[in-house]
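Novice: I would like to see how this sequence folds:
(one chain, ligands or ions: 1)
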Amino acid sequence: MTGVEPPLALLAELTHRCPLRCPYCSNPLEMDARADEMDTETWKRVLSEAKALGAMQVHFSGGEPTTRPDLGELVSHATSLGLYSNLITAAVALTDAKLTELKEAGLAHVQISFQGTEPDIADRISGFDGAFVRKREAAERVIAHRLALTLNAVINRHNVEQLPVFFEMAAAMKARRLEVAHVQYYGWGLKNRAALIPTQAQVQETTRLVEQAREDYAGQLVIDYVVPDYYSRRPKSCMNGWARRFFNITPAGKVLPCHAAESIPHLNFPTVHQASLRDIWHNDPAFNAYRGTDWMPETCQSCDNKKIDWAGCRCQAMALTGDAANMDPVCEKSPFKDLVLDLAEQEAARETPPDFIYRESPR
Ligand code: FES
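Specialist: Numbering: from 1, shown residues only. Sure, this is the predicted structure:
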């Protein structure tokens, strides 16, 4: 395909192993085993190819990326290439020694997820006793090491009432940025949707609180906001458009336009062992399948927003309508919109939600 812009960032999923068991985990339901993880030299080659392709940032993620003993070496390699490195971490094992090593390697930024503002709820959602206290201590260490910190507040029906405390907590921890991200319902999140989804009224209140907090904390804390778009009039611009700005690489080396792309069964995604990233980014049929606007259905073609939301999320269209080429069913113009809304409202209205189905770490 001609006129393809270079990617901005690579999400490097170094491993699917993780001490946490969050029921909304963005990893696929079928995770890569430890034995299938790529070795250090292959990851270095991949980072070099990403830089040569035009990427400017690498987000080291997982699973939990600090479980890889070569994380420092990979950050160092990214730094030598001129890539901006961000660590996305559960942080329950983020020691002083590890932070010293990563900072010396050139790490620029750390993002820590919080499942609540106090241990009871946070530990229950993450499925890890003591997670909250460990994360809070790790956040203090990140600031002590003078690294930029983002807190990621993952919002669902169990912690939605804690949002005002999340603002206070992020400011007190001296985070530069707080991402208030409602759970996205793919993979594990979809499996646990009835246990997690808040009501429309709760989401509206979240939106109001975020808008107020942006004024109250202006100049102190940048607040990003991701809604569960089942309740929105228009879909989100997922990944800023399919294969437009971002791509993922799985622990075993599969190259994907988004973390959930493997849920689209008719697409075959290549691996870094089969082709160069340049070739994959520009020419792979799965990357070109939903790139740009030519593939869009008629309602999206004639929509003024088509180059703003890029027809929303392909994985959501797949999950909720059975066809990834349908318009995102959360859009008010979709014939599926009422079904999606009814489903969400019925699940959110349950007085007693089902138990979590926790993800388990692969061996
Ligand atoms: Fe795959 Fe939105 S998560 S396109």
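
Novice: Name the nearest residue to the residue in the stretch 101-250 of the chain that the ligand sits nearest to, sequence neighbours excluded.
Specialist: Of all residues in the stretch 101-250 of the chain, the one sitting closest to the ligand is Cys238 (3.3 Å; CB to the nearest ligand atom). In short, each C-beta sits where N, CA and C put it, glycine included. Spatial nearest neighbour of Cys238, excluding adjacent residues (CB to CB, 6 or more residues apart in numbering): Cys313 at 3.7 Å.

Novice: In the longest helix along the chain, which residues are buried?
Specialist: Identified as the longest helix of the chain according to DSSP state H is helix 200-216. By neighbour count with 16 or more other CB atoms under 10 Å, helix 200-216 contains the buried residues Gln200, Gln202, Val203, Thr206, Thr207, Leu209, Val210, Ala213.

Novice: Mean confidence (pLDDT) on stretch 117-126, please.
Specialist: Computed over stretch 117-126, the mean pLDDT rounds to 98.

Novice: and the residue nearest to Cys238, how far is that from Ser237?
Specialist: Separation of Cys313 from Ser237 (CB to CB, to the nearest Å) stands at 9 Å.

Novice: Compare the two (neighbour count), which wins?
Specialist: Using other CB atoms under 10 Å, the more surrounded residue of Cys313 and Ser237 is Cys313, with 26 against 17.

Novice: Do I have it right that that one meets Pro235?
Specialist: Yes: taking contacts as CB atoms under 8 Å, Cys313 lies within contact range of Pro235: 6.3 Å.

Novice: Quick check: neighbours shared by these two?
Specialist: Residues within reach of Cys313 and of Pro235 at once, by CB atoms under 8 Å, 6 or more residues apart in numbering, are Asp229, Asp328.

Novice: so how far is the helix or strand encompassing Leu151 off the chain centroid?
Specialist: Here Leu151, judged by DSSP states H and E, is contained in strand 148-155. Distance, stretch centre to chain centre, for strand 148-155: 12 Å (CA atoms, centre = their mean, to the nearest Å).

Novice: what does the stretch 201-350 of the chain have sitting close to the ligand?
Specialist: Counting by CB under 6 Å from any ligand atom, the positions of the stretch 201-350 of the chain adjacent to the ligand are Cys238, Met239, Trp242, Cys258, Ala260, Ala261, Cys313, Arg314, Cys315.

Novice: rewinding a little: report the angle between the axes of the strand holding Leu151 and helix 200-216?
Specialist: Put simply, strand 148-155 runs at 160 degrees to helix 200-216, going by axes from the mean of the first three to the mean of the last three CA atoms, to 10 degrees.

Novice: Run through who's touching the helix or strand that strand 148-155 is followed by.
Specialist: Later in the chain than strand 148-155, the nearest helix or strand by DSSP H and E is helix 163-172. Helix 163-172 is contacted from outside by 114, 117-118, 151, 153, 155, 178, 180, 206, 209-210, 213, 216-217, 220-221, 223, using CB under 8 Å, 6+ apart.

Novice: Return the angle between stretch directions for the very next helix or strand once past helix 163-172 and helix 200-216.
Specialist: Counting by DSSP H and E, the next helix or strand C-terminal to helix 163-172 is strand 177-182. If you take the same axes, to 10 degrees, strand 177-182 sits at 170 degrees to helix 200-216.

Novice: chain center to strand 177-182: distance?
Specialist: Computed by CA atoms, centre = their mean, the chain-centroid distance of strand 177-182 equals 11 Å.

Novice: List the residues that contact the residue nearest to Cys238.
Specialist: Applying CB under 8 Å, 6+ apart to Cys313 gives the contacts Asp229, Pro235, Lys236, Cys238, Asp328.

Novice: Within range of the ligand, give me the residues from the stretch 51-200 of the chain.
Specialist: Counting by CB under 6 Å from any ligand atom, the residues of the stretch 51-200 of the chain near the ligand are Tyr186.

Novice: can you give me the strands for the stretch 51-200 of the chain?
Specialist: Taking DSSP state E, counting those that start in this stretch, the strands of the stretch 51-200 of the chain run over residues 57-61, 84-89, 109-114, 148-155, 177-182.

Novice: ok, now the stretch 251-363 of the chain?
Specialist: Counting by DSSP E, counting those that start in this stretch, one finds strands in the stretch 251-363 of the chain at the ranges 255-256.

Novice: Does the residue of the stretch 101-250 of the chain closest to the ligand touch Arg314 like I think?
Specialist: Yes: judged on CB under 8 Å, Cys238 makes contact with Arg314 at a distance of 7.3 Å.

Novice: Comparing those two, which residue is more hemmed in?
Specialist: Each of Cys238 and Arg314 has its neighbours counted (other CB under 10 Å); Arg314 has more, 27 against 24.

Novice: where's the more buried one relative to Ser80, distance?
Specialist: Distance, Arg314 to Ser80, using CB to CB: 35 Å.
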